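Participant: Need the 3D shape of this:
(one chain, ligands or ions: 1)
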Amino acid sequence: MNDFDVFIIGGGAAGLFMAKCLDGSGLKVAIAESNARVGKKLLATGNGKCNLTNLDLNYAHYNNPRYVEQYLSRFGAVETINAFEKFGLLTKVIDKRVYPYSECAATVLDVLRLRLKVDLYPDTTVTSLTPKGEGYKILAKCGEETKVYYSKAVALATGSPSTFGKDSLELYKKLGHSASKFRPSLCPIKVDKNAIKGLSGVRIKGGVRFNGRYEVGEILFKDFALSGIAIFNMSGEIARGARGDIISIDFMPERSLAEVETLLTKKSAPVNCAGELLEGIFHSKVKERLITYSGFSYETPAKECISALAKNIKDYKIKIEGNLDFSMSQVSSGGLDVNQFDCFESKLHKNLYAIGEVLDIDGDCGGYNLQWCWTSAYLAADKIKREFLRG
Ligand SMILES: Cc1cc2nc3c(=O)[nH]c(=O)nc-3n(C[C@H](O)[C@H](O)[C@H](O)COP(=O)(O)OP(=O)(O)OC[C@H]3O[C@@H](n4cnc5c(N)ncnc54)[C@H](O)[C@@H]3O)c2cc1C
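Facilitator: Reported below is the predicted structural model:
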């Protein structure tokens, strides 16, 4: 029989965690997943290591801090670690970031699937969802076949179109829900390629300044784009509509402008040209770029370039062209309007829930996005259990 208590659309992090939280409750649960396997995106997280959450769960890491606070304060990093330990996962902390002890994302997927009693429908894309009696009628495509399911409760856990994902917002708009268009976030930023000419492949630890935000982290130069965690977080600002069109790189984040000038002045005593001035400080490609960008040649007398070079080392301005596309992004900004949900249950349709990234919540790199999946999935499952198993 295709009749369920809870039908979860989407077998990503949020959908799987919800199913796991409902496991053993006696409720009949199903998951429909478009891909051939569940958890495909989860396996790619944290460079294959899966950064589960962060001990620094400052709400400012999210696009809507006040909204997430009410839920993260109920189910945050500690509760997540405890829940995963209950499922059998040993975790470890590296610089406040929480990972599976194995440092392998597949271990997280393994424990989520371990002895999980749900009806799992892979290669199945839900195409229609309509209220029917006390519950919902769900139509789904599996190859050429159209399947019909009925369920008392439905959880929308369809995530976003970022890497391996899918945009299923149209399904929910038909139910009267509002949503803002998905935009790629936590991705490389396309920039003026002339400003980074010759730097492709170089990786530095630098500062990034954009839209009033400054962050130090890894920066990776590509042919026509900037990448790395600090850049990804700035791409989040762009996805959320930040207006600025200049990003600035700080090649010496641990020194002030005055300290850089002093350093170069000291160095200029024994050397006599721009080429030698930056020798031994930067990667040769960075050295070359800084000199060219500042309008000098290797032969320019050292003393003439100190001030301009120091300024550009600390504030190297690059024109932004925009974020790269969904296939390069870790998350998407946009999604279902959170004001139409109360503790993840729709205010428009009873027993309709939305969890994870399909909601208009996105966070910085560092475990914040998966934490949102765990929090929303746990609290929605808890609400369903209280509602359905009352008495
Ligand atoms: C490369 C990469 C690295 C990342 N690293 C981290 C990290 O280390 N830490 C962190 O916190 N976050 C990380 N993220 C972000 C994090 O993975 C996502 O925020 C999270 O996986 C979202 O989970 P979700 O379940 O809400 O959505 P998704 O993972 O997108 O899952 C939704 C699922 O629903 C399915 N689906 C969609 N529509 C339908 C439909 N109509 N019918 C049936 N199925 C459907 C999709 O196929 C998909 O499998 C990373 C993301 C990427 C891409």
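Participant: buried set for the helix or strand bottoming out on mean pLDDT in the chain?
Facilitator: Comparing every helix and strand of the chain by mean pLDDT, DSSP states H and E singles out helix 274-277 as the least confident one, with a mean of 92. Taking 16 or more other Cβ atoms under 10 Å as the neighbour-count basis, helix 274-277 is seen to contain the buried residues 274-275, 277. All C-beta spots, glycine's among them, are computed from the backbone N, C-alpha and C.
Participant: The ligand next: which of those are close?
Facilitator: Residues of the buried residues of helix 274-277 in contact with the ligand (Cβ under 6 Å from any ligand atom): none.
Participant: Nearest to residue 215 among these?
Facilitator: Sorting those by distance to residue 215 puts residue 277 at the head of the list, at 27.9 Å, by Cβ to Cβ.
Participant: ok, now how distant is the residue nearest to the closest one when sequence neighbours are not counted from the ligand?
Facilitator: Ranked by Cβ to Cβ, 6 or more residues apart in numbering and with sequence neighbours excluded, the top spatial neighbour of residue 277 is residue 302, at 4.6 Å. To the ligand, residue 302 is 44 Å away according to Cβ to the nearest ligand atom, to the nearest Å.
Participant: swap in residue 24?
Facilitator: Note on residue 24: its distance to the ligand, by Cβ to the nearest ligand atom, is 21 Å.
Participant: quick one: that residue and residue 116, what's the gap?
Facilitator: Here residue 24 is placed at a distance of 10 Å from residue 116 (Cβ to Cβ, to the nearest Å).
Participant: Go ahead and confirm residue 325 touches residue 184.
Facilitator: Yes. Using Cβ atoms under 8 Å, residue 325 is in contact with residue 184, at 5.7 Å.
Participant: okay, stretch 226-242 in CSV with CA atoms only?
Facilitator: Once non-C-alpha atoms are left out, stretch 226-242 reads as follows in CSV (Å, rounded to 0.1, in the frame of the first residue of the first chain):
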residue,chain,number,x,y,z
LEU,A,226,38.6,33.8,-7.0
SER,A,227,37.9,30.8,-4.8
GLY,A,228,38.5,29.6,-1.2
ILE,A,229,36.5,29.8,2.0
ALA,A,230,37.0,33.5,2.6
ILE,A,231,35.8,34.2,-1.0
PHE,A,232,32.9,31.8,-0.6
ASN,A,233,31.6,33.7,2.4
MET,A,234,31.7,36.9,0.4
SER,A,235,29.8,35.2,-2.5
GLY,A,236,27.1,34.7,0.1
GLU,A,237,26.9,38.5,0.5
ILE,A,238,26.6,38.8,-3.3
ALA,A,239,23.9,36.2,-3.5
ARG,A,240,21.9,38.0,-0.8
GLY,A,241,22.0,41.2,-2.9
ALA,A,242,25.1,43.1,-1.7
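Participant: Going by neighbour count, list what's buried in it.
Facilitator: So for stretch 226-242, counting by 16+ other Cβ under 10 Å, buried means 226-239, 242.
Participant: Let me know the pLDDT of residue 270.
Facilitator: You'll see residue 270 listed with a pLDDT of 82.
Participant: ok, back up a step: please say which of residue 24 and residue 116 ends up with more neighbours.
Facilitator: Under the neighbour definition other Cβ atoms under 10 Å, residue 24 and residue 116 were set side by side, and residue 116 has more, 18 against 10.
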